[in-house]
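> Let me see the structure of the following:
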Amino acid sequence: MQAEQSVSLQQSAHVCSDENETQRLAVNEQLKEMAKALAEFKPTTFCFIMPSAIAIQLLGQGESYVKFSHDGKVLYTFPEYIDGNDTANVITGLADNSL
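Model prediction:
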C-alpha cells in the first residue's frame, strides 16, 4: 500500500485531532476505551466520533495509530477503525512511512 492511498474509515470511528493525544491513548488500551466512551457522550478538545463511514487518505502510521487526511485536515485514528479489507494493508504497507 502506498502512502496517501484512499481507504475506508468505519462508521463510529474514534478520531483525534492531536497527534500527542493519539500517541498517549495508543499505548494504553484502557485509557483509549475511556476516551472513546467520553467522546461518544460528548466530543472533547482532541477527540470525537466520526458518525458515518468515509473514505480517507492515509498519510502514515505510528506504532499503534494511523495518520490520515480528510476534508483538508490531518487527523488520527487507530487501526481497528480502518475497514477490515484495508487493515492488513495499513499495518504492513505503511511500515516504510512511519511517523
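> all contacts plus neighbour counts: C-alpha atoms, from now on.
Will do.
> Now do the same for Val74: helix, strand or coil?
With DSSP: H, G, I helix; E, B strand; the rest coil as the basis, Val74 sits in strand.
> avg pLDDT for the lengthiest strand in the chain?
For the chain, the strand reaching the highest residue count under DSSP state E is reported as strand 54-61. The predicted model gives strand 54-61 an average pLDDT of 92.
> helices and strands around that strand, which ones?
Using 3 or more CA pairs under 8 Å, 6 or more residues apart in numbering; DSSP states H and E as the contact definition, the elements that strand 54-61 packs against are strand 6-9, strand 66-70.
> how does it look with 10 Å?
Packing contacts for strand 54-61, counted by 3 or more CA pairs under 10 Å, 6 or more residues apart in numbering; DSSP states H and E, involve strand 6-9, strand 66-70, strand 73-77, helix 84-93.
> what angle separates the third one from strand 54-61?
Using axes from the mean of the first three to the mean of the last three CA atoms, to 10 degrees, one finds that strand 73-77 and strand 54-61 are set 80 degrees apart in direction.
> Begin at 28, not 1, for the rest of this chat.
Yep, numbering from 28; the last one is strand 100-104 now.
> The longest strand of the chain: which residues count as buried?
Residues of strand 81-88 classed as buried under the neighbour-count rule (16 or more other CA atoms under 10 Å) are 81, 83-88.
> next one: stretch 33-52
Buried positions in stretch 33-52, judged by neighbour count with 16+ other CA under 10 Å: 33-37, 40-44, 46, 49-50, 52.
> what's the average pLDDT for it?
Here the mean pLDDT over stretch 33-52 is 95, rounded to a whole number.
> and the residue nearest to the spatial centre of the chain, what does it touch?
Closest to where the C-alpha atoms of the chain average out (CA atoms, centre = their mean) is Thr104, at 1.3 Å. With contacts defined as CA atoms under 10 Å, 6 or more residues apart in numbering, the neighbours of Thr104 are 36, 40-44, 46, 49-50, 53, 74, 88, 91-95.
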